[in-house]
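pasting the structure only:
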């Protein structure tokens, strides 16, 4: 067998995460593989399939998380549509012929993607599609997590895997409006700012009952990045309600690989993401079209596809389940792995930093998904400790006395036993009301709460917005530190921002600074709009949008 290795390093705002890829052209299989199910004996002739999760040369991820344990009950449904927002998908691949490809859209060319065509000029999206629904038992390649599934290809990343927040936001809205029930976002980028356009798109999808799954990212080959300190978007764009299921990667021993990011606030679950065998259509080194090929790939992109595949199976079995119920079931049924990861998170124990644990597909479909006694939005008090929790996003958030008095005073509280809370992973502390100003003792920096994220407020913006020092609340370090730190709070909408030399000009639109020039100001007649001079060192801290200069 001829193996080729290439590391893809994409470095733009929204991007397909870097993958270590071995391209493997697979010939005809020399044996059939069989396994016993409770209902009947099923023969899978796919040469890449295995029931041994330690066999990393084959599809170890499927048995590791329990897909092979549920196929006697459920193999998926074409009524469930998963949108893959990525580089496109090669629907002509020999092992993707069992997928029902529905109409998609190419945001690069502004054209619809019709069923059965190749829209992938990179290969990344085809990798994701193989995990979701490669054709089983066809004596070829691999088997997908779902034997029956509908996939919507959305091309929002170019041939190099690059894209931007506006395009991703548009892709999400298009997918929702055209019938997607699950959206797979195996993309993102470190340093990408808290963006209102993307935030609004995610909120739109969530309110339309769509499950959104996003990758943690592979931002440091040596150890990964703590997303609590360095948030990545869209995975951290939860809008304060855990609208995105964030996914970290694991190896066959449930250990976090060095490349995978981690964090308490943005990671919900973990899934297989190291040396994953899947479909591909491009040689990663030469970029030459290589039809009907297969690859080993590593990255949180692949882990995300496993979770999207799990969500699709749950949706097919419980078609009337809400997106929140599916999310909560995925989290509640995960297997705890903190005790195994004692130094994988920057040399420290990963306790609480890999979400609820490794997904368990079998447990996630064992009981009625609507049978929980504790519901989203409940305020509960543990009888043994007296601690009050807010149940949101499938997690339990500790409610401090300050937040309780400010946000929940007078709300009904359920008294329960602590054991009843075990099904919920611990989230951040419950955040104060929107636009609350907070700080900690012995630190002069003031922050404003925006959708559960704290945004630093520089002095000039504090003054321009006419904020009041008397409104600043001093909170405990524990709760302050549990909230994600985003970019700086922007100046008022419509403000023209410039540096001291006047060479760098921005217009504040949608909570982002969008580059402009003097001609743009004159052409738009906005020279009388409020203007603010901000030092270069502070300008770097604001979220930047796409340029308005044409």
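That came through, no problem. Being a predicted model, the structure only gives us computed values, none of them experimental.

the domain parsing of the chain - what is it?
Split into domains by automatic domain parsing, the chain comes to 4-27+65-364, 379-421, 437-485, 496-539.

right, so those: which one is the most enclosed?
Mean neighbours per residue, mean count of other CB atoms under 10 Å, is largest over the domains of the chain for domain 4-27+65-364, with a mean of 23. (Glycine included, C-beta is placed from N, CA and C.)

Which helix or strand contains residue 199?
Using DSSP states H and E, residue 199 sits in helix 196-207.

now the strands for the stretch 51-200 of the chain?
76-86, 100-101, 104-106, 111-113, 148-155, 162-163, 182-185, 187-190 (DSSP state E, counting those that start in this stretch).

The fourth one - contacts with which helices or strands?
What that stands for is strand 111-113. Applying 3 or more CB pairs under 8 Å, 6 or more residues apart in numbering; DSSP states H and E, one finds that strand 111-113 makes contact with strand 104-106, strand 148-155.

same question, the first one
In this structure, strand 76-86 makes packing contacts with helix 124-133, strand 148-155, helix 165-177, strand 182-185, helix 300-317, judged by 3+ CB pairs under 8 Å, 6+ apart.

Any chance of TSV for those, columns mean pLDDT and distance to residue 68?
Output for the helices and strands packed on strand 76-86, formatted as TSV (pLDDT from 0 to 100; distance: least, CB to CB, whole Å):
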stretch	mean pLDDT	distance to residue 68
helix 124-133	98	14
strand 148-155	98	16
helix 165-177	95	29
strand 182-185	98	21
helix 300-317	97	12
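
okay, those in CSV with distance to residue 357 next?
Output for the helices and strands packed on strand 76-86, formatted as CSV (distance: least, CB to CB, whole Å):
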stretch, distance to residue 357
helix 124-133, 20
strand 148-155, 25
helix 165-177, 27
strand 182-185, 21
helix 300-317, 12
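
Out of the ones you listed, flag the one nearest residue 81.
strand 148-155 (4.5 Å; CB to CB).

Please enumerate the helices of the stretch 451-550 of the chain.
459-464, 477-482, 518-524, 536-539 (DSSP state H, counting those that start in this stretch).

okay, these in TSV with mean pLDDT and distance to residue 196 next?
TSV is the format used below for the helices of the stretch 451-550 of the chain (pLDDT from 0 to 100; distance: least, CB to CB, whole Å):
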stretch	mean pLDDT	distance to residue 196
helix 459-464	96	16
helix 477-482	93	23
helix 518-524	91	20
helix 536-539	92	18
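
wait, residue 76 sits on residue 146?
Yes - the pair residue 76 / residue 146 is scored as a contact, 3.2 Å apart, by CB atoms under 8 Å.

joint contacts of the two?
133, 312-313, 316 (CB atoms under 8 Å, 6 or more residues apart in numbering).

Using TSV, lay out those together with distance to residue 524.
Converted to TSV, the shared contacts of residue 76 and residue 146 look like this (distance: CB to CB, whole Å):
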residue	distance to residue 524
133	48
312	46
313	51
316	50
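
picking that back up, angle of the very next helix or strand once past the helix holding residue 199 against helix 165-177?
The first helix or strand that comes after helix 196-207 along the chain, using DSSP H and E, is strand 211-215. Going by axes from the mean of the first three to the mean of the last three CA atoms, to 10 degrees, strand 211-215 is angled at 150 degrees with respect to helix 165-177.

and strand 211-215 with helix 196-207, angle?
Orientation of strand 211-215 against helix 196-207 (the same axes, to 10 degrees) gives an angle of 130 degrees.

any idea which helix or strand comes after strand 211-215?
Counting by DSSP H and E, the next helix or strand C-terminal to strand 211-215 is strand 232-233.
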